[in-house]
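Q: mind looking at a prediction? Sequence and model below.
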Amino acid sequence: MSTLYSSHLKHRALIAVSGDDRGTFLQGMVSNDVRRVEAGLAAWAAFLTPQGKFLHEFFMFSLGNAICLECERERRDDLMTRLSKYKLRAKVSLEAIDTLSVGAAWGRNVEATFGLRAEPGMIAPLGAGVVYTDPRLPDAGVRWSLLADNASLVLNELGLSEAKPEDYDAVRFSLGLPDGSRDMEIEKALLLENGFDELGGVDYKKGCYIGQELTARTHYRALVKKRLMPVRIDGPTPPSGAPLTVEGENAGEMRSAHDGTGLALIRLEAWRNAADGILRCGASHVTPQPAAWMKLGAE
C-alpha cells in the first residue's frame, strides 16, 4: 500500500499576475522577496493592510510568463480587487485561473516522486502545471498546480493515494501551518504571531512593502505575545473563534480543528501560568503542543 498521499484543496485557487512589470509590482505589495520567484523558486508570502495586519496569504511561483498566486478561492476576488487598486500605470494584468487545480502531496520522501530536491521552494514543471516543495517546511511535502481535467490521473500514475482535505489538515495541524483566514483573523492577525518569521514568509532585507513597518518593529522588538500553535483536544471539537481560558482568564482562541487536533492562537503568558499547561474551551480540554520550529522566546 502506498505511503504517499495527495489531496485536492478545492478551497484554494490561482491568480496569474502577468505583464512586464509583474515582478516589481508584487515586490512592493507582499511580505516576501519576489526576486526569489523570478529566480525559479516558490515562496510563501502575505498581503497586509497599511497598518501591518493580515489580509491574504499565498504561495507564489512562476508559470510561463506569469507569476501565480495560490490563494483562498472564496477570497480570490477580494485579493485581485485590492491588488488592482495599486496598479496605477504599471504594465500588469490579473487573471483568475481555473484550468489548473491546486493540492498538496505528502509522505516520506514525497519530493523524490516528483523529481524534486528536498529543499524549500524547489519547483519543476509537470504537464501544463508545476509542482514545488512547500517553501515553509520540508515535512510539509509538495504543493501542486495541475490541469484540472487530469490531475487525479497524473497523481495516481505517480503512485500517490488520494486523500481527503481533512487528512492534509491533520498534517498541517501537526506542523503548525496556518491556512489563510481559517486560522488568521482578517485585519487583526499579525504575521509573526502566525509563524511567518520562522517559516520564511517574511524577508527583512527586501525593501518596502505594504505593512512592512509594523512587521519589522514586531520582529526587532520581540513584541509577539500570542502564537498560533498545534493543540490536542480532549472533548468535543470547539468551533473556530471559541475562547480558551485558564482559571477563567483569557488564554486565546481556537482556529481550525478537526477530530481531536487543530490550531489555536495562544496567549503565551496565560498558557505558561497554567499549572498543568492545559487550557479550557467549553467542555473540552485543549493542550498546546508547540511545533519544533517555533521560537517562543523566554520562558
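A: Here it is on my side, so go on. Numbering: from 1, shown residues only.
Q: stretch 115-133: which residues count as buried?
A: When neighbours are counted by 16 or more other Cβ atoms under 10 Å, the buried residues of stretch 115-133 are found to be 116, 120-123, 126, 129-133. For the C-beta atoms, the positions are set from N, CA and C on the backbone; glycine is no exception.
Q: which parts of the stretch 151-299 of the chain are strands?
A: Using DSSP state E, counting those that start in this stretch, the strands of the stretch 151-299 of the chain run over residues 161-162, 226-234, 243-246, 249-258, 261-267, 279-281, 284-288.
Q: could you dump these to a markdown table with mean pLDDT, mean neighbour count and distance to residue 56?
A: Compiled in a markdown table, these are given as follows (pLDDT from 0 to 100; neighbours: other Cβ atoms under 10 Å; distance: least, Cβ to Cβ, whole Å):
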| stretch | mean pLDDT | mean neighbour count | distance to residue 56 |
| --- | --- | --- | --- |
| strand 161-162 | 96 | 15 | 28 |
| strand 226-234 | 98 | 20 | 16 |
| strand 243-246 | 96 | 20 | 26 |
| strand 249-258 | 96 | 20 | 16 |
| strand 261-267 | 98 | 23 | 18 |
| strand 279-281 | 96 | 22 | 28 |
| strand 284-288 | 97 | 20 | 26 |
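Q: check which helix or strand covers residue 116.
A: For residue 116, there is no helix or strand it lies in under DSSP states H and E.
Q: ok, now which ones touch it?
A: Residue 116 makes contacts with 122-124, 131-133, 142, as judged by Cβ atoms under 8 Å, 6 or more residues apart in numbering.
Q: so for it, what's the pLDDT?
A: Looking at residue 116, its pLDDT stands at 98.
Q: how about it: what's its closest non-neighbour residue?
A: In this structure, residue 116 finds its nearest non-sequential neighbour in residue 122, 4.7 Å apart by Cβ to Cβ, 6 or more residues apart in numbering.
Q: residues near residue 18, how many?
A: Neighbour count of residue 18, defined by other Cβ atoms under 10 Å: 17.
Q: for it, grab phi and psi.
A: Main-chain dihedrals, residue 18, degrees, to the nearest 10: phi -120, psi 170.
Q: who does it bridge with?
A: Residue 18 has the following beta-bridge partners by DSSP bridges: residue 66, residue 93.
Q: can I get stretch 285-298 in CSV? Just the C-alpha atoms.
A: The C-alpha trace of stretch 285-298 is given here as CSV (Å, rounded to 0.1, in the frame of the first residue of the first chain):
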residue,chain,number,x,y,z
HIS,A,285,-9.5,20.4,27.5
VAL,A,286,-7.0,21.9,25.0
THR,A,287,-3.3,21.2,25.3
PRO,A,288,-0.9,23.3,23.3
GLN,A,289,1.9,21.3,21.6
PRO,A,290,4.4,23.7,20.0
ALA,A,291,6.0,22.6,16.8
ALA,A,292,9.8,22.1,16.9
TRP,A,293,10.4,25.0,14.6
MET,A,294,8.7,27.6,16.8
LYS,A,295,10.8,30.1,18.7
LEU,A,296,8.7,31.2,21.6
GLY,A,297,11.2,33.3,23.4
ALA,A,298,12.0,33.3,27.1
